[in-house]
Each structure stands twice: as structure tokens, then as C-alpha cells.
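# Model the following, please.
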Amino acid sequence: MAPLRSSVVATTAALLASISNVDAAAVPRNGDWHGPHGWPGWNPHWQTTTTAVSTVIVTTNVSPTTVYTTPGVPITSSKIASPTSIASSDIPTYPSPEVPTTTSTMTSPTSESPSAWTTSPASVAPTTSSATPPPSYSSSTTTSTAPISTPSGTTPSVIRGVNLGGWLVLEKWLNSDLFSETDALDQYHFDQSPNALSKLQNHWDTFITEDDIRQIADIGINTLRIPIGYWAYDNSNTPYITGADTYMEKAIGWARKYSLKVLVDLHGAPGSQNGFDSSGSTDQVAWQTGDNMDKTISVLETMAQKYGAQEYADVVWGLELVNEPLGWSPNNFTLSQIWSQKAYAAVKAKATNPDLTIFMHDSFQKPEYWTDTVNEVNGNDATFDTSRFALDTHLYQNQVESDSELDQSQHIAKACEWANTDLLGRESSVPVVVGEFSAATNICANPDGTTVAGFTCTDSGCQCASNVWIEDWEAPLIEATRKFLEAQLDVFEHSSMGWIIWTWNGPGGWGLRSMSKYGIIGNQVTDRKYPGQCQSYF
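Sure thing, here's the model as predicted:
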């Protein structure tokens, strides 16, 4: 991030709190904007949905002091075409509020102050790094030392997972072919387009198949996180098409066949919890209005009664209450915390599997802001292994302009630092899983193995991750990406419950299937070609 001026930061946070009843501390952590599944630098999503995101943030009527930029890219037939250079006039913008890094202790909310907090400065050393050394292109590998085996019916000792993103909840940037004949931006509008039902059924039948699950198991993945929208269980008074739950059932059966665990993820909630297309609708953020939060609990009860039953206990070990609810206006962060406790109790009352772990996304706040909430549910004597209420955090390095100013060694250093800044460690009583991340960074790799930040480079033979198809990547770009990915995996396995990469079917550093095929990850996800990169941070 660019240096933040404390006076501007304090004013911005105060205005956010006074104007929109949002916690002054409850704004994007470290000032970072963690968008849905990263909203990658080359993602065409930004060409068509910038307005929706602006609406989410700018409803506070506070002009952000910094505007971050993300390059837009045109869609062509079945692929996302990435330009070799992008003019500044072609780069859409989205706001990210500048906020101080603080620690926070939650106090009991009152009717006069629904979001009562005390804050104190936190001292976090900035991440620095040296220039990227030329990578070794040796084919030798080592193996992660974290345990692999998972007894039937239990949580994996270390979660090594993949999301099945873009399958049961549509995202235009992942499903460009499906959206090619409509101007819909999200599933809410797609489901109202001509022939939507037949298109959806074909998509559900082909985007993820049993063979995908077999391949996933073959490379050592032990967990599937499967996003699904509330409308699969209750589409009353909506245009959403039902039927996705049938494919959830198929996926659970495939997972059982190949000895995988499943985390069922409520990715889209009534009213939209964030205004992202991954919630189903970009029209508004209205999850905390009307009866939408109660309706969400009703849907979760339906899901818990089914997937939390003993007959599913050998496969479904987790249920996520809601994905990526905003932790700032128009949502109220404290209200989300209170709701999570109510939702947890409702789910546990319906589930007959006592070992079912319930996850809540952290609302883009640091996990320590959740410590009191989680400990109150789990009990103060709970441990990392006995807790059944856990957090889901999403960590990307292509969210803001500052991410595009890092070379790969700096990306790796930032990933290593997450062990101390964004994860609580396995000794904590608050379990955290990294439920989304990717290998995607906006870097270019030179033939000698050095890397430069950004989207363009001048050296002969240089390749940029943002504008070269993964099947055309040369060794320097492959190795630079692998080093970054392995560093992340080591941090997540050491300092959290584990990891669930976004996603299986995705382009470039967003697709585990492609990364496995082209050598960006080993034959097994436990293989390490570059071990110990973050050891000094542990």
C-alpha cells in the first residue's frame, strides 16, 4: 500500500462511522480492498460491474482519498483475451478507503451505539524484500511436512482444498461463454434471459464432472469448498432458477467416492451481502435490511438439516454461514458478528452431526476482531482442535494498485508476513482457514529469472502473467509463479487450518487444473520445489 497519512485516515474512518453507522475500525483490513475472488487485474468483470462496486462503497457519501485501478480486458469467444499493453484511459477505477492499521477489542453494543469499539495503534513492520534472484529450474522436489491422512468423518488435520467456483453460482469472468449472448452481469439477470434453464442445465452438467473430482483427488487435494446460492433452497419472490442443489448432491457423492471432504458454502445470501456478482446480484447490498438476515438463517437451517445429518458426516465436515459479507457500510460489522452467533446456534440445532464445523467469513476484517465472538460461541476453554466455530479468510495479492507495484520476491515476502499479520496460528483458540487465494500476481518474468512488477516489460523474451495464456508460459514465469504459490501453501499449512485455492476451473494462476497441467504445482500438492521460503517468519 502507498503510505497513509494519519490525519486523512482518521477523518475518513470517523466520517464512515458517523455517516453510515459503520465501525470506525471495521473497514478493509490494512486498507486493502479484498474483492470477490480477487477481481484480478486482467478480469473483464471490471469493465461491466464497476458501477455496482462503486455503489457498495460510495453509499457512505465519503469521497475516497485514494482510487485504485484495475485494467479491463475484452472477452473473446471462449477465452479472456489479455492485451500486451493498456492505455490509462482504458483502465476502470474502483475506490478503496484509506484506513489505519488498528487492533480492536469489542465491547457490548448498546442501543445508542450499535458498534462500540476501542482501538489502539498496532505496530506491524512493513514488508520489504530484495530483488528476485534467478530461480533454479531443477526438477527435484521435497514434500510438505504437514500431515496428510484424514480419518473418515473428521476434519482434515491440514486442509488442502480447492473451490468449485463458477459452477453452482455463476460469475461472468469465469463463465464468459455462458454470458456471451446476454448483457446480464450476474446470475439474477442471467436467469431471466432467454433459454436460461437449458443453458444452466448444460453448464451444471459439463463445468464440473466426476472426472474433475477424480483429478482433484489424484493430486492430493482432500477438501472441496462448493459455493451455492440461497435460491437453490428458497427462490420465492425471485427470478432465480432452482436445481443447483441436485448438483451439490452429485458432488457430495463424488467426493465420498474419492475420499474427499466437503465444505458447503452459502455464497449468495438474500438481498446480497456484498453486491458482488459472486453473491448472485450486483444490484444492491441489502442483506442487513428487512427480513433478509432471518431468511438467510431459514435457508441455513434447511441446509443444516440435510448436510448436517449423520448420513453426510463422513463427507460434509463444514458449512459456511455466508461468503464475504461487507464489513463496512452499508453493512454493520457488529451486526454481522451478532448474526453469526445466532446463525451458528440455529445450524447446530438442526444438524445431527455434532462434529460439523461452522465457518463465518471474516467480513474482510483481521481475525483478531473476531476473537471475542468466536470464543463466546466455542467456550473460553476451547482449543484449535476442539472449536466448532471457525473463520474463513480470503487472501489475494492482486487487489489494489500497490499489489501491481511488487515484483515476485516482494509478493513472496508479503505472503510470508501473513503468518504474523493475517493468521492467528494453530496455537490459537480461533481456527482460521484460508478459504480463498490464488497464485495470480501481476508480474512479468525475464529470461534470466528476475521479475518486474506490472503488466508490461521490455526485455526480449520477457513474459507477463496478465497477457500470456498459461499454455504459452516459459520456464521463468512458471517458476516465479510456483515459488509464490508454494510460499503461500507453506504459510497457510503452518499458521492456519489450511487452504482452499480459488478455483479449479479458472485462467492462469486462478485455475488449479491448469496449474497442475503446466507444472506450476507438483504432481502432488504436497510437493515442494522451493521449500522453506518462509521459515524465518515462523
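# What helices and strands are in contact with the one helix or strand residue 374 maps to?
In this assignment (DSSP states H and E), residue 374 forms part of helix 371-378. Counting contacts by 3 or more CB pairs under 8 Å, 6 or more residues apart in numbering; DSSP states H and E, helix 371-378 packs against strand 102-106, helix 333-350, strand 389-394. (Glycine included, C-beta is placed from N, CA and C.)
# can we see that at 10 Å?
Counting contacts by 3 or more CB pairs under 10 Å, 6 or more residues apart in numbering; DSSP states H and E, helix 371-378 is packed against strand 102-106, helix 333-350, strand 357-361, strand 389-394.
# Which one of the ones you listed has the poorest average confidence?
Least confidently modelled of the helices and strands packed on helix 371-378 is strand 102-106, at a mean of 35 by mean pLDDT.
# Show me what the helix or strand encompassing residue 415 is packed against.
Per DSSP H and E, residue 415 falls inside helix 408-421. Counting contacts by 3+ CB pairs under 10 Å, 6+ apart, helix 408-421 packs against strand 443-445, strand 451-453, helix 475-495.
# which parts of it are buried?
Neighbour-count burial for helix 408-421 flags 408-419, 421 (criterion: 16 or more other CB atoms under 10 Å).
# likewise stretch 315-324?
Within stretch 315-324, the residues that count as buried by 16+ other CB under 10 Å are 315, 316, 317, 318, 319, 320, 321, 322, 323, 324.
# go on, stretch 456-467?
Within stretch 456-467, the residues that count as buried by 16+ other CB under 10 Å are 457, 462, 463, 464, 465, 466, 467.
# What is the most widely separated pair among the residues you listed?
Pairwise distances across the buried residues of stretch 456-467 (CB to CB) peak at 12.4 Å, for the pair 462 and 466.
# what touches both of these two?
Common neighbours of residue 462 and residue 466, counting by CB atoms under 10 Å, 6 or more residues apart in numbering, are 444, 456.
# So which of the helices and strands packed on helix 408-421 is nearest residue 212?
helix 475-495 (20.0 Å).
# OK, contacts around the residue of the chain positioned farthest from its centre?
Distance from the centre of the chain peaks at residue 460, with 35.1 Å (CA atoms, centre = their mean). Contacts for residue 460 (CB under 10 Å, 6+ apart) come out as 446, 447.
# Let me have the buried residues of stretch 315-324 in a markdown table, extended by distance to residue 190.
What follows is the buried residues of stretch 315-324, written out as a markdown table (distance: CB to CB, whole Å):
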| residue | distance to residue 190 |
| --- | --- |
| 315 | 30 |
| 316 | 28 |
| 317 | 32 |
| 318 | 28 |
| 319 | 26 |
| 320 | 23 |
| 321 | 25 |
| 322 | 21 |
| 323 | 19 |
| 324 | 20 |
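# just checking, residue 225 is part of a helix?
No. Using DSSP: H, G, I helix; E, B strand; the rest coil, the assignment for residue 225 is strand, not a helix.
# residues near it, how many?
Other residues near residue 225 number 28, with proximity taken as other CB atoms under 10 Å.
# From what I see, it and residue 498 are in contact.
No. Applying CB atoms under 10 Å as the test, residue 225 and residue 498 come out as separate, 11.1 Å apart.
# intersection of neighbour lists for those two?
Common neighbours of residue 225 and residue 498 are listed as 159, 161, 433, 435 (criterion: CB under 10 Å, 6+ apart).
# May I have the phi/psi pair for the second one?
Geometry field for residue 161 lists phi and psi as phi -130, psi 170, criterion degrees, to the nearest 10.
# swap in the first one?
Residue 159 has phi and psi values of phi -80, psi 130 when expressed as degrees, to the nearest 10.
# and what of the last one?
Main-chain torsions, residue 435, degrees, to the nearest 10: phi -80, psi -10.
# How about it, nearest residue that isn't a chain neighbour?
residue 392 (3.8 Å; CB to CB, 6 or more residues apart in numbering).
# so what's the one you found bridging to?
In this entry, residue 392 is beta-bridged to residue 361, residue 433, by DSSP bridges.
# burial measure for it, as a count.
26.
# Look at residue 232 and report its pLDDT.
Taking residue 232 on its own, its pLDDT is 99.
# I'd like to know how many residues surround it.
A total of 23 residues lie near residue 232 under the criterion other CB under 10 Å.
# Could you tell me which residues make contact with it?
Contact analysis of residue 232 by CB under 10 Å, 6+ apart lists 168-169, 240-248, 266, 268, 299, 302-303.
# let's go with 6 Å and repeat that
244, 245 (CB atoms under 6 Å, 6 or more residues apart in numbering).
# what ranges do the strands span in the stretch 101-250 of the chain?
102-106, 117-121, 142-143, 159-163, 223-229 (DSSP state E, counting those that start in this stretch).
# Just give me the lowest mean pLDDT stretch among these.
The stretch with the lowest mean pLDDT among the strands of the stretch 101-250 of the chain is strand 117-121, at a mean of 28.
# one step back: out of the helices and strands packed on helix 371-378, nearest to residue 533?
Ranking the helices and strands packed on helix 371-378 by their distance to residue 533 (criterion: CB to CB) puts strand 389-394 first, at 20.6 Å.
# Taking strand 223-229 as reference, get the angle to that closest one.
Taking axes from the mean of the first three to the mean of the last three CA atoms, to 10 degrees, strand 389-394 and strand 223-229 form an angle of 80 degrees between their directions.
# Low-confidence regions, this structure specifically.
Flagging of the chain using pLDDT under 70 yields the residue ranges 1-154.
# What ranges does it have for its helices?
All helices of the chain, identified by DSSP state H, fall at 6-20, 45-58, 187-190, 196-207, 210-218, 244-257, 292-307, 333-350, 371-378, 408-421, 475-495, 512-517.
# Output the ones you listed as CSV; include the columns distance to residue 272.
Below are these laid out as CSV (distance: least, CB to CB, whole Å):
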stretch, distance to residue 272
helix 6-20, 17
helix 45-58, 9
helix 187-190, 9
helix 196-207, 19
helix 210-218, 28
helix 244-257, 17
helix 292-307, 9
helix 333-350, 14
helix 371-378, 23
helix 408-421, 28
helix 475-495, 28
helix 512-517, 27
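# Relative to residue 363, which of these is closest?
Using CB to CB, the helices of the chain put helix 333-350 closest to residue 363, at 5.4 Å.
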